[in-house]
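Provided below for reference: sequence and predicted model.
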Amino acid sequence: MASTVRKSLLRGIRKARYYGLMFDTTPDLAHREQMSQVVRYVEIDYERNTVRVRESFLGFIQVSRKDAESLTKDILEKLEKDGMELQDCRSQCYDNAAVMAGHRSGVAQRIHEKNNLAVFVNCDNHSLNLVGVHAAKEDVKMVTFFGTTDSSYVFFSRSTQRWQRLKNAVTVSLKSESETRWSSRTEAVKPVNNHLEEILQVLQDMIDDEDETIETRGDAEQLRSHLLTYGFLTLLGFWNKILARIDGVQKRLQDPKMNFHYAAVHLKALQDRFDGERKVLVSEALEVGHRLCEEWDVDFERRPRWKKRMPGEKSRDAGLTAREEMERVMKGTLDRLNRELGERFTRLYDTDAKFGFLLDIEGLCYSADTENLKKNCENFCKMYSTDVDVQLCDKILDVRMLLAAQTDMRVATPEQLLKFIVQFGYDATYPNLPIAIQIMLTIAVSVASCERSFSKLKLILSCLGASMGQGRLCDLALLSIEREETDKTDFDGIIDQFASMKARRVQL
């Protein structure tokens, strides 16, 4: 049955012809390291006139060595086994590990040497995760803040009695943090920010409850004192807003329908928003922190922190009040965020600058600019000369004319444009444009689909099933992950085929 599903997926990939590679490796699981293979392609159904960008899971590859040469060999052998031509590959997307993304001898560079049309883009979801991780480590106060947040979860989760008392007072549960999954910090900070008063009251009740152990009462008092500090109360609202905005972009990047042009637009908008709201975010956080300190009678106007006086500074410049110190810390974090957002997505921005015009439907189909269009088409045709010809610009202008005549409809996405061309039979008249858009849509921006397959892998390959063979493991994972394709399978035909096979007696 799994072989039937795999053959169906491979037929769809071969029919689409152009595809993008997505690979990611998992840590050692039951003493077997696995590499997930996902292929991104555009599925066009000419009978139903539908267009869909798909990311199909094809299986796991058991790896013994994780150097670039060995991983490249495993990938090429898997492609050959599946009957997929490497020359039809038009994109690669891996995580930011040097062995995968190294520009000299990484897996991406080795495959690019064999096929120079296989464009590589880093996993932007991993990159955005690193942006947040490094910004959170910009200052000691930031590290202390997240440590206190995580301590709240640890304190309550260590005892079922404590957890029940918390659940009786708070409608939502506290969450733990994770270094590799930045969205977990959003889930950890949000309930503390929204239910701080209730959490503090639960801690106070534990401190006053003489039936509690002395260790519990002591830990509760220590945690409450850490929560009721000027730094924590100020940074709580500050990080709650920042994390919510980062998490919103991360969730969009994990959508299989996301293309690199929209990803670049979202990331650039996030950077501009942090840059434009820099003063507002800091001032609002300071005001909220000041108000909470007054409500909870927290003393924060302590002696200023004096630092070494540098040449050119006046004596008053060397002393910072608590408010000035917190303002410095938050502005430094926002500057780090802005700098990281500008540096970690240069490859994505370069790809968007070269070929993003094909996915910018408003500019491609409804703009009156032809000079930039000609220049961009020339660059595209020069690189993809084996796929499209020099008439690409003329075909785009013809499609503009056809869309202008369609007053009752307006395309807004690349998928809708492809559907328009297929629906009216223009794919035979204007083949260059559909091919160009298909190639661009194969470029992935995240390996989230590979990460999702690891979630299934942990359920299938547990310690109890460590002796499971690699073939059975891949088959079970394929049936579970590609559930949509599995439901389309004709079980009657498989059962009849199985029943027609020669039965053999097994001697016990």
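All right, it came through fine. Residues are numbered from 1 along each chain as shown.

show me where the stretch 401-508 of the chain has strands.
For the stretch 401-508 of the chain, applying DSSP state E, counting those that start in this stretch gives no strands.

domain ranges for the protein?
Domain ranges of the chain: 2-123+447-500, 128-344, 348-436, per automatic domain parsing.

how far does the second one stretch from start to finish?
It refers to domain 128-344. The straight-line separation of the ends of domain 128-344 (CA to CA, to the nearest Å) is 8 Å.

Look up the residues forming beta bridges with Cys93.
Following DSSP bridges, Cys93 is listed with bridge partners Met22, Val121.

With mean pLDDT as new columns, can the domains of the chain be given to me in a markdown table?
Formatted as a markdown table, those follow (pLDDT from 0 to 100):
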| stretch | mean pLDDT |
| --- | --- |
| domain 2-123+447-500 | 85 |
| domain 128-344 | 88 |
| domain 348-436 | 88 |
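
could the ones you listed be laid out in a markdown table, adding mean neighbour count?
The way it works is simple: take the backbone N, C-alpha and C, and place the C-beta from them, glycine included. Formatted as a markdown table, the domains of the chain follow (neighbours: other CB atoms under 10 Å):
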| stretch | mean neighbour count |
| --- | --- |
| domain 2-123+447-500 | 17 |
| domain 128-344 | 17 |
| domain 348-436 | 16 |
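
And Val39, its phi and psi?
phi -120, psi 130 (degrees, to the nearest 10).

Show the contacting residues for it.
Contact partners of Val39, counting by CB atoms under 8 Å, 6 or more residues apart in numbering, are 13, 19-22, 55-56, 58, 84.

Those in strands, which ones?
Among those, the members falling in strands (DSSP state E) are 19-22, 55-56, 58.

secondary structure element for the residue lying closest to Tyr19 once chain neighbours are set aside?
Nearest residue to Tyr19 in three dimensions, chain neighbours excluded: Tyr41, at 4.4 Å (CB to CB, 6 or more residues apart in numbering). Using DSSP states H and E, the element containing Tyr41 is strand 34-45.

Tyr430 against Asp398, yeah?
Yes. Here Tyr430 reaches Asp398: they are 6.4 Å apart, a contact under CB atoms under 8 Å.

Quick one: end-to-end length of stretch 87-102, please.
21 Å.

related to what we said a few turns ago, gap between the residue nearest to Tyr19 and Ala16?
Applying CB to CB, to the nearest Å, the value for Tyr41 to Ala16 is 4 Å.

just Val298 next, same as before
61 Å.

How far off centre is the helix ranked longest in the chain?
Ranked by number of residues, the top helix in the chain under DSSP state H is helix 230-253. Its chain's C-alpha centre and that of helix 230-253 lie 17 Å apart, by CA atoms, centre = their mean, to the nearest Å.

Find the pair from the contacts of Val39 with maximum spatial separation.
Of all pairs drawn from the contacts of Val39, the greatest distance, 15.0 Å, lies between Glu55 and Met84 (CB to CB).

could you pull out the helices for the stretch 1-150 of the chain?
For the stretch 1-150 of the chain, the helices defined by DSSP state H, counting those that start in this stretch cover 2-16, 68-81, 98-101, 107-114, 124-136, 140-157.

among those, which is nearest Asp487?
Across those, closest to Asp487 is helix 2-16 (CB to CB), at 10.0 Å.

Please save the CA atoms from the closest one in CSV.
Presented in CSV, the C-alpha positions along helix 2-16 are these (Å, rounded to 0.1, in the frame of the first residue of the first chain):
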residue,chain,number,x,y,z
ALA,A,2,2.8,2.4,0.8
SER,A,3,4.5,1.6,-2.5
THR,A,4,1.2,2.6,-4.2
VAL,A,5,1.2,6.0,-2.4
ARG,A,6,4.8,6.6,-3.2
LYS,A,7,4.3,5.8,-6.9
SER,A,8,1.4,8.2,-7.0
LEU,A,9,3.5,11.0,-5.5
LEU,A,10,6.4,10.3,-7.9
ARG,A,11,4.0,10.4,-10.9
GLY,A,12,2.8,13.8,-9.8
ILE,A,13,6.4,15.0,-9.4
ARG,A,14,7.4,13.7,-12.8
LYS,A,15,4.3,15.3,-14.4
ALA,A,16,5.2,18.6,-12.9
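
Partner strands of the strand holding Tyr41 and their direction?
Strand 34-45 is paired, per DSSP bridges, with strand 19-25 (antiparallel), strand 50-62 (antiparallel).

Helix 68-81 and that strand, what's the angle between them?
Taking axes from the mean of the first three to the mean of the last three CA atoms, to 10 degrees, one finds that strand 34-45 is oriented at 40 degrees with respect to helix 68-81.

For strand 34-45, output the C-alpha coordinates as CSV.
Taking C-alpha atoms only, strand 34-45 is exported to CSV below (Å, rounded to 0.1, in the frame of the first residue of the first chain):
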residue,chain,number,x,y,z
GLN,A,34,17.4,10.0,9.9
MET,A,35,17.2,12.6,7.1
SER,A,36,13.8,13.6,5.9
GLN,A,37,13.2,14.0,2.2
VAL,A,38,10.4,16.4,1.1
VAL,A,39,9.9,17.6,-2.5
ARG,A,40,8.2,20.9,-3.5
TYR,A,41,6.5,21.1,-6.8
VAL,A,42,3.4,22.6,-8.6
GLU,A,43,0.5,20.3,-9.2
ILE,A,44,-1.6,21.3,-12.2
ASP,A,45,-4.9,19.4,-12.8
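
Backbone dihedrals for the closest residue to Ile111 other than its chain neighbours, please?
Excluding the flanking residues, the one nearest Ile111 by CB to CB, 6+ apart is Ala118, at 5.5 Å. Note on Ala118: backbone dihedrals following degrees, to the nearest 10 are phi -80, psi 90.

Give me the nearest residue to Asp67, chain neighbours excluded.
Closest to Asp67 by CB to CB, 6+ apart is Val99, at 6.5 Å.

Repeat that for Cys474.
Nearest to Cys474 is Gly59, by CB to CB, 6+ apart, at 4.1 Å.

hang on, the earlier thing: now do the residue nearest to Ile111 against Gln164, distance only.
From Ala118 to Gln164 the distance is 55 Å (CB to CB).

Could you do Asp387 as well?
62 Å.

now Val51
51 Å.

Equivalent analysis for Gln62, please.
From Gln62 to Gln164 the distance is 44 Å (CB to CB).

just Asp487 next, same as before
41 Å.

Repeat that for Gly231.
30 Å.

Next: Phe120.
In terms of CB to CB, Phe120 sits 51 Å off from Gln164.

go on, Cys377?
Distance from Cys377 to Gln164, by CB to CB: 65 Å.

Which residues are in contact with the residue nearest to Asp67?
66-68, 71, 106-107.

do Asn376 as well
354-355, 357.

Try it again at 6 Å.
For Asn376, the contact set (CB atoms under 6 Å, 6 or more residues apart in numbering) comprises Phe357.

tell me which element it is part of?
Counting by DSSP H and E, Asn376 is found in helix 371-383.

Same check on Gln201?
Going by DSSP H and E, Gln201 is part of helix 196-208.

To Phe146, which of the strands paired with strand 34-45 lies closest?
Per CB to CB, nearest to Phe146 of the strands paired with strand 34-45: strand 19-25, 26.0 Å.

any residues touching the closest one, and which ones?
13, 35-41, 89, 91-95, 442-444, 447, 450.

looking at it, Ala118 is touching Cys89, isn't it?
Yes. Using CB atoms under 6 Å, Ala118 is in contact with Cys89, at 4.7 Å.
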